[in-house]
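Asker: missing the sequence, but the structure's below:
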């Protein structure tokens, strides 16, 4: 399949938020195939533009809750050419495989209506509706999660490396690979699939009100469905709170880092002490992990291991008396009772005899011998005492380094120490709150048997005789969604049997299981292919990384990084996070075999001041077209790079603004292509912030 190319050539606003009537680039200008930087003051409409672009790409209208306030021209006067009562119009001109296409979105705030328009010569000009070329439609229509990855903000780029961002990663993969529809059939942890719903409808229509037990089971089934819906809402609320509290903790840590930076200006030892503390914390974690791994090694943890070794070593030398093969099974069949102690019946003997070959494996003895060899050779020179002493030394080292950091911080001013203490207290409170919300999230949504057993989440799922309950009183006590699904499945099975619908239920369940298994296997192969493409890109982006090179993997915790030894790197630098995020997006492009423009709102947000150099090395060379909507702070960080001709620059400002001040915010919004104005915009404001 040939590579498809899609470029953005122009963006136009009419009566949109702060924009009266504006073309970017202006006049006959067009965005080039390389990198374009559009500098625009915070609050002038970067984020609004991002949402409109996503809507134009995906054919998904703007949420009606925001039509009146979010996109309407904000000024009640008309002196700069805008009109609050006129519809907001937003147009994007594309080049799709050399074909010109313009897609527009018009929002009527008065009548609460909106519509898409499309201009293509093959359509005879402009028509109502979203009618781009087929390749454009196939790639983007309804795929909002995929669109967010290339019409994105800097915070999302960072978020992809966290558990919060894993949902965006997996959703985008499903949409790009067109597997989202199959997932709708089988459902997810939060929603039942279409197969399940159809099965329930069929069962309900067949059961009717005939038998008393059927009515009782139907009542229990309805209660399960009601409880599942309630728990799904609670689960989403818990996830929202986890995201909120996590963000607050991050913000507090950012403020702590700023205080540390302030202290470091007078005491250069703080950064060194923090580095030592971080290194000792990592060492302690690695040491604890390695000791835990050894605890699961028989030679380390089993006190009688030497005797076990000697026994199996003797067996290896003595060989086995005879193989466990067909002769053994024939001898078993000649016994009066089975080896389990129960009497044979004619059918059982006949079954074993007919399926004899199913029980045999030509390599069975080889496996036994290999196991004995492994046991005889397995040993461990480490002892409990030496390992515990090693762990103790790492703990002491971390405590000393932590005390060193605290001692340096204690030399700060009373005001800074008070601020630091308040932040620590707030982080402690937030951490406790986060733990509570995470626990609630896991109580409701976890499917891990270890966690379910630890907290007794399924104690009301089963009766004392291990059968699944259908008692409504007990069902009401179940919080865990997996437990409710077990009860639901069992009740549905019983209803199907009562109503003579067992075959229907089994058939639907079989189809669902087949599709689920197929999705698991296909997505595993897709992830392997994507990871291969990602690591091919990141090897060029990040370079050596930690311990001689990083490998990035797609996991339930977002994008995770591993060193050449296979150790998880929990604290990779910003260059690696940037590289991983954009390598993932690039891999999706390659998988879809399409070149798509990357549009970014404040691309350096969330990565800190030091990310600009890494960004210029990673992003522009990776994508055919990059359009970045930046603020003046990001302009200053990128100044040395774009002044060398690496990017086209545009300044979006109001006509009356004094360039160095970025004020007054009066006059028509214009596009200024003067490079000197681009560089000096809001210069005095930034100086004031530094002072």
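Answerer: Yep, it's here. Since we're looking at a predicted model, the values are computed, not measured.
Asker: CA only for contacts and neighbour counts going forward, please
Answerer: Will do.
Asker: Kindly list the longest strand within the chain.
Answerer: strand 4-16 (DSSP state E).
Asker: Which secondary structure elements does it sit against?
Answerer: strand 19-24, strand 88-96, strand 594-595 (3 or more C-alpha pairs under 8 Å, 6 or more residues apart in numbering; DSSP states H and E).
Asker: Show me what it is in contact with.
Answerer: 19-25, 29-33, 71-74, 82-84, 86-97, 135, 593-597, 625 (C-alpha atoms under 8 Å, 6 or more residues apart in numbering).
Asker: average pLDDT for stretch 453-466?
Answerer: Mean pLDDT, stretch 453-466: 93.
Asker: where's that stretch relative to the chain centroid, distance-wise?
Answerer: 32 Å (C-alpha atoms, centre = their mean, to the nearest Å).
Asker: what's the answer for stretch 408-416, then?
Answerer: For stretch 408-416 - counting by C-alpha atoms, centre = their mean - the centre lies 39 Å from the chain centre.
Asker: And for stretch 343-354?
Answerer: Worked out by C-alpha atoms, centre = their mean, stretch 343-354 lies 53 Å from the chain centre.
Asker: Give me the contact list for it.
Answerer: So stretch 343-354 is contacted by 333, 336, 337, 338 (C-alpha under 8 Å, 6+ apart).
Asker: Quick one: residues contacting the last one.
Answerer: Under the criterion of C-alpha under 8 Å, 6+ apart, the contact list for residue 338 reads 332, 344.
Asker: returning to what we had before: could you identify the buried members of the contacts of strand 4-16?
Answerer: Taking 16 or more other C-alpha atoms under 10 Å as the criterion, what is buried in these is 19-25, 31-33, 71-74, 82-84, 86-94, 96, 594-597, 625.
Asker: Need the contacts of stretch 343-354 in CSV (columns: pLDDT).
Answerer: CSV is the format used below for the contacts of stretch 343-354 (pLDDT from 0 to 100):
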residue, pLDDT
333, 76
336, 76
337, 80
338, 78
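Asker: Emit the PyMOL select command for whichever of those residues are buried.
Answerer: Remark: buried members of the contacts of stretch 343-354, expressed as a PyMOL selection using 16+ other C-alpha under 10 Å:
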select buried, resi 333
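Asker: which helices and strands sit right next to the host helix or strand of residue 679?
Answerer: Here residue 679 sits within helix 675-680, counting by DSSP states H and E. Judged by 3+ C-alpha pairs under 8 Å, 6+ apart, the packing partners of helix 675-680 are helix 632-641, strand 648-654.
Asker: Select from the contacts of stretch 343-354 every entry located in helices.
Answerer: residue 333 (DSSP state H).
Asker: could the contacts of stretch 343-354 be laid out in a markdown table, adding distance to residue 78?
Answerer: A markdown table is the format used below for those (distance: C-alpha to C-alpha, whole Å):
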| residue | distance to residue 78 |
| --- | --- |
| 333 | 98 |
| 336 | 102 |
| 337 | 98 |
| 338 | 95 |
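Asker: Let me know the closest of the contacts of stretch 343-354 to residue 327.
Answerer: For the contacts of stretch 343-354, the minimum distance to residue 327 (C-alpha to C-alpha) is 10.0 Å, reached by residue 333.
Asker: For that closest one, give its distance to residue 355.
Answerer: 13 Å (C-alpha to C-alpha, to the nearest Å).
Asker: what's the answer for residue 594, then?
Answerer: Relative to residue 355, and taking C-alpha to C-alpha, residue 594 is found at 53 Å.
Asker: still on that earlier bit, could you say which one of the helices and strands packed on strand 4-16 comes nearest to residue 374?
Answerer: So among the helices and strands packed on strand 4-16, strand 594-595 is nearest, using C-alpha to C-alpha, at 50.7 Å.
Asker: Run me through the strand neighbours of that closest one, direction for each.
Answerer: With DSSP bridges as the test, strand 594-595 is paired with strand 4-16 (parallel).
Asker: Next secondary structure after the helix ranked longest in the chain?
Answerer: Longest helix in the chain by number of residues (criterion: DSSP H): helix 212-264. Sequence order places helix 269-295 as the next helix or strand after helix 212-264, per DSSP H and E.
Asker: how about that next one: buried residues?
Answerer: Result for helix 269-295 [16+ other C-alpha under 10 Å]: buried residues 270-271, 273-274, 276-278, 280-284, 287-288, 291, 294.
Asker: Now do residue 435, the pLDDT please.
Answerer: Predicted confidence (pLDDT) for residue 435: 92.
Asker: So what's the residue count around it?
Answerer: 13 (other C-alpha atoms under 10 Å).
Asker: element containing it, please.
Answerer: Counting by DSSP H and E, residue 435 is found in helix 414-445.
Asker: packing partners for that helix?
Answerer: helix 212-264, helix 481-498.
Asker: for those, which one sits closest to residue 115?
Answerer: The nearest among the helices and strands packed on helix 414-445, by C-alpha to C-alpha, is helix 212-264 at 31.6 Å.
Asker: That closest one versus helix 481-498: what angle between them?
Answerer: 160 degrees (axes from the mean of the first three to the mean of the last three C-alpha atoms, to 10 degrees).
Asker: Now helix 212-264: average pLDDT?
Answerer: 86.
Asker: Stretch 64-77 too?
Answerer: For stretch 64-77, the per-residue pLDDT averages 87.
Asker: And that stretch, what's buried?
Answerer: For stretch 64-77, using 16+ other C-alpha under 10 Å, the buried residues are 67, 70, 71, 72, 73, 74, 75.
Asker: before we move on, what about stretch 580-595?
Answerer: 580-589, 591-592, 594-595.
Asker: likewise stretch 646-657?
Answerer: For stretch 646-657, by 16+ other C-alpha under 10 Å, it's 647, 648, 649, 650, 651, 652, 653, 654, 655, 657.
Asker: For the last one, which non-adjacent residue is spatially closest?
Answerer: Residue nearest to residue 657 in three dimensions, not counting chain neighbours: residue 663, with 4.6 Å by C-alpha to C-alpha, 6 or more residues apart in numbering.
Asker: and the one you found, how far is that from residue 255?
Answerer: On the measure of C-alpha to C-alpha, residue 663 and residue 255 end up 29 Å apart.
Asker: One more: residue 146?
Answerer: From residue 146 to residue 255 the distance is 33 Å (C-alpha to C-alpha).
Asker: neighbour count winner among these two?
Answerer: In this view residue 146 and residue 255 are compared by other C-alpha under 10 Å, and residue 146 has more residues nearby, 25 against 15.
Asker: host element of the more buried one?
Answerer: helix 144-150.
Asker: what's the following helix or strand after that helix?
Answerer: strand 151-153.
Asker: contact partners of that following strand?
Answerer: Contacts for strand 151-153 (C-alpha under 8 Å, 6+ apart): 50, 53, 54, 598, 599, 600, 601, 602, 603, 605.
Asker: Mind checking which of these land in strands?
Answerer: Per DSSP E, these map to strands at 598, 599, 600, 601.
Asker: could you flag which of the residues you listed are buried?
Answerer: Buried among these (16+ other C-alpha under 10 Å): 598, 599, 600, 601.
Asker: how about the residues you listed in TSV, adding pLDDT and distance to residue 377?
Answerer: Formatted as TSV, those follow (pLDDT from 0 to 100; distance: C-alpha to C-alpha, whole Å):
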residue	pLDDT	distance to residue 377
598	86	56
599	90	58
600	86	57
601	87	59
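Asker: Nearest to residue 437 among those residues?
Answerer: residue 601 (30.9 Å).
Asker: Now do the same contact list for the closest one.
Answerer: 46, 47, 50, 151, 152, 153, 154, 628, 629, 630.
Asker: Most neighbours among those residues, which one?
Answerer: residue 629 (27 neighbours).
Asker: so that one makes contact with residue 37?
Answerer: Yes. Judged on C-alpha atoms under 8 Å, residue 629 makes contact with residue 37 at a distance of 6.2 Å.
Asker: In TSV, list the buried residues of stretch 646-657 along with pLDDT and distance to residue 418.
Answerer: Formatted as TSV, those follow (pLDDT from 0 to 100; distance: C-alpha to C-alpha, whole Å):
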residue	pLDDT	distance to residue 418
647	94	45
648	95	47
649	96	44
650	96	44
651	96	42
652	96	42
653	95	41
654	95	43
655	95	46
657	94	41
